[in-house]
Each structure stands twice: as structure tokens, then as C-alpha cells.
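[1] based on what follows, work out the 3D shape:
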Amino acid sequence: MNRYYRIPLLTAALGAALPLYASEADAEASDRSPTELAAVRVQARHAAAAQTTQSSSFGAGDWKSTPASVSVLDRALLDSRHVRTLSELANNDASLGDSYAPVGYYQNIAIRGFALDTGTGYRFNGLSIAGEQRLALEHVQQVEILKGEAGLAAGVMAPGGIVNYVGKRPAEVRNLTLGTDSEGSRYAAIDAGHWLTPRFGVRFNAAWDDSSSYIEHADGRRNFYSLATDWLISERSKLEVDANYQTSAQRSASGYQLLGGVALPHGVDRKRMLGYQAWQQPVGIDSTNLSALHTYDFNANWQSRVSASHSRSVIDDNVAFAYGCYYAVQCADGSVPGNYFAPNGDYDIYDYRSPDDTRRNRELRAELRGNFVTGNIGHQLTLGADGFDRTVDKRRNVNEYVGTANIHDAQVPQFAPSPKMPGDPVRRLDSRQTAVFVLDRLSFGDDWQWLAGGRFVRLDERTYSKRGVPERADRLSRFLPQTALIWKANAAINVYASYVAGLSLGQEAPFWTSNDGAFLPSVVSRQVEAGIKYASSDALTLGAALFRTTQPFQYARPDGSDAGYTFVEEGQQAHTGLELTANGRVTENLQLTASASVLQARARDTGTPAYEGHQLINVPKTRASLHADYQLPFVPGLAVAGGWRYASANVATADGRVRAPGYSVVDAGLRFQHQLREHPVRWNLSVDNVFNRFYWRDTGSSSGDYYLFPGAPRQARLSVTIGL
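    Numbers count the residues shown, from 1 in each chain. The predicted model follows:
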């Protein structure tokens, strides 16, 4: 079912903006009111809050005092780079990479080589949201990326980290943005805020996007609306509420697979959609996210925080899916593994339909934060309780072979769709977590801090078959400890060391293994990290972190079973790495965002020697990301920007014999700011992949199979933002 309603972009944008323009004209004609003065005061508070982080497993605090590797991407960077998708977001930090991120579908990323859990890895204002949605950024003030274990913050999660979106708060702002790109896309967005009274403010964001994709037949549409409100109930009490809704429709582009399981596809046209069939419908994704936070200051030292969230994503999955070669001539005798493309580039096409795939996340959290002193020791105490539940409802899908094509086809052959219809919706997952947590930051004089705490989590999870029959019940309780020591070397430098334990759910066996559909037990992961942070002022921050994360290794082990593989947990995987970051203003005119990562991801004691001694799949050993913005001193308002992204060779097979080549990508941009009839105007031009380099950006997996996605060709984007 397609729930998208097409709106002419320019008409909608101007129609919404004109009342704002008139409102401003009226305001300029009148005297400044007390309400306006109050709004200025609140906006200043918001700017200061941007220096803190909410996503840290070590409590909220400023960047330097957080004993973990945290990256903060602010609104200015998101705007200058035209970041609108999760995959584009990942380009701005070397510790991040794509992990099955198709064009036209919801995307996932990996941090430190671990793919995020879409159920718990993505957050808005610190609370969980369903990751199976096209995560919008128009209502986001900054993106916080916590790298590594976050057991206290998230409970059951993948060990790579979490991504937290911090929403815009009410402020006096009225902006209209119009944009296009080299493919002819049309984009419009509104950002409008106002303090209606000295105690009640609103912030409205909306976006309309008709995107023309560089991949043929993959044009898409998107509508997005959000509302944020702040209510200063009293001098001590405050309520913040956020709500957003988005609907999108776009055909999903299938990824490539290795030829015969041993060779990279060659002569690939990245603008061609694999398996395209005229009857293929767009993938529709509707998402709703609601959250609320109430804070109460008992006094200057103690505060209570009660927050709740509801997130729902409904996916109408429709795709002519390019997968494997079970029905191709070269694979018919079984000499070539059927879950890869054929050696000559043949691939099978499946009519895949899974409507009303519904994911729901709900969370309720209560916290008490306070400061006190015992003897000569200062305490910053956080204690609380958290309840989280997640459900997945799906129909029995249609997944039927319809024909075979080749990656070099100038036109994909057309086949008749399957006559089968999806089944009735049934509950597939019911997962509940309850937890209590405590964290104490103890200060010993001015130079040393010790953080100690943990989270006791109880998990009750049930899975069901495609017919709704109960299959597995997983009940467990774990205490996830964490501790850190911080040394303040001087006013500008902090040094830290930390230990964190986490818990992640066991993976599901792929359909081509002997234990198809079986879930392995939950696994405990452990991380040790040491780092140094430099911040002499708010202008520039420098950081370095050395870490090692380990957890049991889950993989498809070759054996003598009829399927040839059994999905097992055996041995350990260890990710050991070094991260370097530099962010901020280097000179008065030069601003820099840079990061580099060296990561060794290996498996050992697996019982399969061919899978050991080399890098794991989809984890480049070296990554780097650089973005510089220089304000030209001789042309007021004009700035030039440049960027560079690098990744080393990327392993594409479990035995490490096939690797996607490393790549370097150069980006560029121009910004110009001026006044038009006393209204600020910002022009922004960005060009990604300036030299039109072909590269494989992703060798990630989905449901146990591995895919290759080419990086986007040269893309130019232009936008203009007008302050009304």
C-alpha cells in the first residue's frame, strides 16, 4: 500500500513560508516584546548544550570528560555536505562504514567493524527508535556517534556502538531551503521556530523530496514533518516533546554478488538496476517517532528525569530481487554455490513481496542525577530504571523465482510476476528488556576521576515462525559492568582508560545452512580502551583512542551436512584498533573535520583454519576521512570546501581470498552567504566523487548472504537557504 501523497515542492514550500514572512514583517513593525527577549535567552542555552553528549554509556557530559570515543557532527557540517542518508553520514567518520546500505531501502552502518543492531543501535534524544526506517535529518541539531560498547546506555546491543540524533529545540528561526542536484532532483525544507510565550516554544520542520536517483528506475519521493515543543512548567520543571512522521516510496536497488563465489563482478554499470521488472513496485516506508522528557530540579544538585518514546516503522517491501544462481545453467550441477552469481554473471530474479512489515520500539526510563560530597571525594551519581519492548509483525512473504538475467544485459529480460499472494500478518518477535542501572563519577581532588557502575538487565524474548507458531523463548539476566579512570594532565588534556561489558543477541542461521532459521544464544562482549583528549578551548579538539573488543564468533562452518554448512558459535573474534580525530577551527578562517582508523578484525580458534589469520568481511583495515572548510579572507561570505575519503582493501569472502580494492574519493564544495533585502541567504554547492571514481563501498551482509554495492558516481548538489 502506497501512503505517499505527492505535493508540488515549490508550491508547498512557499505556501508554508509566506505566513512566516508576513509574521516577521509584522514583528519588525512592532516594538520588541518580552516574549522575544525570553526566546533569545532560551536559544543561548541551546547553543551551550550542544557541547554535551547524551549518548555516552558513561553519562551525559562534555566531550573531554567522557572516557570513550565520541564523535559529534553538528548541523553546519550536515548542511554543508548535504547529508540526507545514513550512508552519507557514515562518510564523515573513519570509524564508520556501510553494512548493507542499498539505494531505495533503509540502511545500516557498522562502527568499529560491527554492524549496528537496528533494534537498539539508533536513538533520538537518547531513546531507542526503530532502525528500519529512512532516518531523517531535517529536525536534527547534531549527531552523536558513540564508538564501542554502550551497555549502560543501551543494554542489549551490538558492540560497535550507537548513533544518537539530538533534536532541534525551539528557537527564533524561520528558514526556507530549496535544493536540486545533477540528476534533476527537487528538494524543499522548512525550519520554523518561535517562543509563543516566555514559557512555551515550538519548532516545526518539514521536507519534501522528489529525488532522481543515479540508478535508473530508482527515483523516489519523501514527505517529512516534525514538531518539537518545550514547556517551562515552572522554574524547576520542564517538559520537552518531539514528534515526527515520514513517508517515502522508492524502488530498491539490489546489490551485486561475487561471480561463482570467487571473483568480483567486472564491467559493472553502477547506473543500471539489477533485475529490474516493469511490475516492480517502490518500497514504501512509513515511520512515526514520539518522545517526551520531563526534568525536575529539586535543587542545584539533584534532578529527576523521566522520559518515554514510541517508534513505529511500516515497510511495504517490493523488489525484483537479484540473488544467486540456483536456476542458472552454470550452477545447475551444484559445482558453483547457488547463493552467489554465476561465473559468467548470470543471476536469478525473485519476485519478493513483504507488505506491512511492522517494527515497534517503546521505551520508558526514569533517572535520578545528583552531586554530593563524602569527605574529600566528590560524587556525580546517576541511577535509574529502564523498560524497553520491541515487536516485529510480518506477513508470510512471497519469494518466488521468476527468471534469470545477466549483469551485462543492456536491457533486463522481462518475466511474469508470481501469482502468489502474501499471507496474513503474524507476530514474529516479542522482546522485552527491564533494567536498573547506576553510575558514580568519583572525583579525587582536581586531577583524578573514577567512574564505576553497570546495568543489570533482564531479557525475555520470544520468536515465532512465519505461521505465528512459537519457536524460541530466550530468558536471561546479566549484569553488565563498566568502569573508567580519568586523569586530568593539565587544563587542556585528559587521559582515560576504561572497561565495558555488553550483551548482544545471537544471530539467525541463514536458509542455506543445515540449521536454517535457528537462533544462536546471546553472547557477552568485552571492551578495553585507552585514550587521550585535547581541548584547549571550544575551537579545536583532538583525540586518540586505542581499543580491543572481543566476543564469541558466530559463522557458517563448512562441514559434511547435506547443506554443506552449519551455523555455529565457536572461537572468538577480536577487533583491535586505533582511532584519531581532529575537529574544530584551526585558524580564524579554516575549519577541519578529520578522522583516521586502523582496525584489525580477526577470528581465532574457530575450528576452520581457512577463516583465521586475515581480516574479517567488510572491515577495511584502514580508513580516513577529511573535510576542510576555508573562508576566503578577500571575498566576504565566500568559502571553499574540500574532502577526501579513503578505505583500504575490503575482504569479501570468509576465507579472505577475495578482496574489493581500496579507494580514494575526493569531494569539493563552495558556500556563499549574503544579505537580500535584510534577509540572510546561504548558497551551498557540493560535488561528491569529483573524479567519478568507481569503487565498491560495501561488502556487507543481510540474512547471512554477502553483497557488493558500488559507490555513487560524481554527484553535484545545490541548495539555497533563505532566512525569512
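[2] okay, CA-based contacts and neighbour counts for the rest of this
    Noted.
[3] how near is residue 463 to residue 306?
    30 Å (Cα to Cα, to the nearest Å).
[4] could you do residue 679 as well?
    40 Å.
[5] please say which of these two ends up with more neighbours.
    Taking other Cα atoms under 10 Å, residue 679 and residue 306 do not tie; residue 306 has more neighbours (18 against 10).
[6] partner strands of whichever strand or helix holds the more buried one, with direction?
    Taking DSSP states H and E as the criterion, residue 306 maps to strand 302-323. Sheet pairing of strand 302-323 (DSSP bridges) gives strand 283-297 (antiparallel), strand 346-374 (antiparallel).
[7] locate residue 682 within the secondary structure: which element?
    Secondary structure from DSSP H and E places residue 682 in strand 679-688.
[8] CA atoms only for that strand - export them in PDB, please.
    What follows is strand 679-688 as a C-alpha-only set of coordinates in PDB (Å, rounded to 0.1, in the frame of the first residue of the first chain):
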ATOM      1  CA  HIS A 679      17.300  38.600   4.800                       C
ATOM      2  CA  PRO A 680      20.300  36.200   5.200                       C
ATOM      3  CA  VAL A 681      20.900  33.900   2.200                       C
ATOM      4  CA  ARG A 682      23.200  30.900   2.100                       C
ATOM      5  CA  TRP A 683      24.200  29.200  -1.200                       C
ATOM      6  CA  ASN A 684      25.800  25.800  -0.900                       C
ATOM      7  CA  LEU A 685      27.300  23.800  -3.800                       C
ATOM      8  CA  SER A 686      28.800  20.400  -3.100                       C
ATOM      9  CA  VAL A 687      30.300  17.900  -5.500                       C
ATOM     10  CA  ASP A 688      30.900  14.300  -4.300                       C
END
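[9] what's in contact with it?
    Defining contact as Cα atoms under 8 Å, 6 or more residues apart in numbering, one finds that strand 679-688 is touched by 80-82, 665-675, 713-724.
[10] before we move on, what about stretch 263-276?
    Contacts with stretch 263-276, where a contact means Cα under 8 Å, 6+ apart, come from 214-218, 253-259, 320-322, 343, 345, 349, 405, 407-408, 412, 658, 660, 710-713.
[11] can you mark which positions in it are buried?
    263-265, 270, 272-276 (16 or more other Cα atoms under 10 Å).
[12] now do stretch 458-477
    Using 16+ other Cα under 10 Å as the burial criterion, the residues of stretch 458-477 that qualify are 458-464, 466, 468.
[13] what is the mean pLDDT for it?
    Per-residue pLDDT over stretch 458-477 has a mean of 85.
[14] before we move on, back to that, mind listing which of the contacts of stretch 263-276 are in strands?
    In strands, defined here by DSSP state E, the members of the contacts of stretch 263-276 are 320-322, 349, 405, 660, 710.
[15] all the strands of the stretch 551-700 of the chain, residue numbers only.
    With DSSP state E, counting those that start in this stretch as the criterion, the stretch 551-700 of the chain has strands at 565-585, 590-604, 622-631, 638-647, 650-651, 659-660, 663-676, 679-688, 696-698.
[16] out of the ones you listed, nearest to residue 224?
    Minimum separation from residue 224 across the strands of the stretch 551-700 of the chain (Cα to Cα) falls at strand 679-688, 21.7 Å.
[17] so how many other residues sit close to residue 335?
    Applying other Cα under 10 Å, we find 9 residues neighbouring residue 335.
[18] if we can go back for a sec, any idea of the mean pLDDT in the strand holding residue 306?
    Mean per-residue pLDDT for strand 302-323: 97.
[19] now that strand: how far from the chain's centre is it?
    Centroid separation between strand 302-323 and its chain, computed with Cα atoms, centre = their mean, to the nearest Å, is 12 Å.
[20] same check on stretch 485-494?
    Computed by Cα atoms, centre = their mean, the chain-centroid distance of stretch 485-494 equals 31 Å.
[21] endpoints of that stretch, how far apart?
    Taking Cα to Cα as the measure, stretch 485-494 stretches 10 Å from start to finish.
[22] can you pull the buried residues of that stretch?
    Neighbour-count burial for stretch 485-494 flags 485-488, 493-494 (criterion: 16+ other Cα under 10 Å).
[23] which residues of this structure score low on pLDDT?
    Within the chain, the segments meeting pLDDT under 70 span 1-57, 59-61, 538.
[24] how about the helices in it?
    Using DSSP state H, the helices of the chain run over 9-29, 34-49, 75-80, 86-90, 151-154.
[25] contacts for the shortest one next, please.
    Think helix 151-154. Taking Cα under 8 Å, 6+ apart as the rule, helix 151-154 contacts 55-58, 120-121, 157, 437, 454-455, 480-482, 500-503.
[26] one step back: quick one: which of the buried residues of stretch 263-276 is nearest residue 589?
    Distances from residue 589 to the buried residues of stretch 263-276, taken as Cα to Cα, are shortest for residue 270 (38.0 Å).
[27] ok, that closest one to residue 368 distance?
    Between residue 270 and residue 368 the computed distance is 52 Å (Cα to Cα).
[28] quick check: buried residues in stretch 699-714?
    Neighbour counts over stretch 699-714 (16+ other Cα under 10 Å) mark 699-701, 704-714 as buried.
[29] farthest pair in these?
    Taking Cα to Cα, no two of the buried residues of stretch 699-714 sit farther apart than 704 and 714, at 31.4 Å.
[30] so who does residue 213 touch?
    Counting by Cα under 8 Å, 6+ apart, the residues that residue 213 touches are 183, 185, 219-220.
[31] which among the residues you listed count as buried?
    When the contacts of residue 213 are checked for burial by 16+ other Cα under 10 Å, the buried set is 185, 219-220.
[32] out of these, who's nearest residue 165?
    For the buried ones among the contacts of residue 213, the minimum distance to residue 165 (Cα to Cα) is 23.8 Å, reached by residue 220.
[33] just checking, the closest one touches residue 187?
    No - taking contacts as Cα atoms under 8 Å, residue 220 lies outside contact range of residue 187: 11.5 Å.
[34] hey, what's the nearest residue to residue 287 once chain neighbours are set aside bridged with?
    Closest residue to residue 287 apart from its sequence neighbours, by Cα to Cα, 6 or more residues apart in numbering: residue 313 at 4.3 Å. Going by DSSP bridges, residue 313 is paired in beta bridges with residue 287, residue 359.
[35] how many neighbours does residue 313 have?
    Neighbours around residue 313, by other Cα under 10 Å: 25.
[36] and it, how far from residue 355?
    According to Cα to Cα, residue 313 and residue 355 sit 12 Å apart.
[37] tell me the contacts of residue 390?
    Per Cα under 8 Å, 6+ apart, neighbours of residue 390: 119, 359-362, 429-432.
[38] switch to 7 Å and redo it
    Taking Cα atoms under 7 Å, 6 or more residues apart in numbering as the criterion, residue 390 is in contact with 360-362, 430-432.
[39] same question, residue 427
    Residue 427 neighbours (Cα under 7 Å, 6+ apart): 392-394, 464, 468.
[40] ok, what's across the strand from it?
    Judged by DSSP bridges, the bridge partners of residue 427 are residue 393.
[41] before we move on, what about the one 5 residues further on?
    Applying DSSP bridges to residue 432 gives these bridge partners: residue 389, residue 460.
[42] ditto for residue 501
    Note on residue 501: beta-bridge partners by DSSP bridges are residue 526.
[43] what's the distance between it and residue 147?
    Distance from residue 501 to residue 147, by Cα to Cα: 14 Å.
[44] higher neighbour count, these two?
    A direct count of neighbours by other Cα under 10 Å for residue 501 and residue 147 places residue 501 higher, at 25 against 22.
[45] residues touching the more buried one, list them.
    Counting by Cα under 7 Å, 6+ apart, residue 501 makes contact with 149, 151, 480-482, 525-527.
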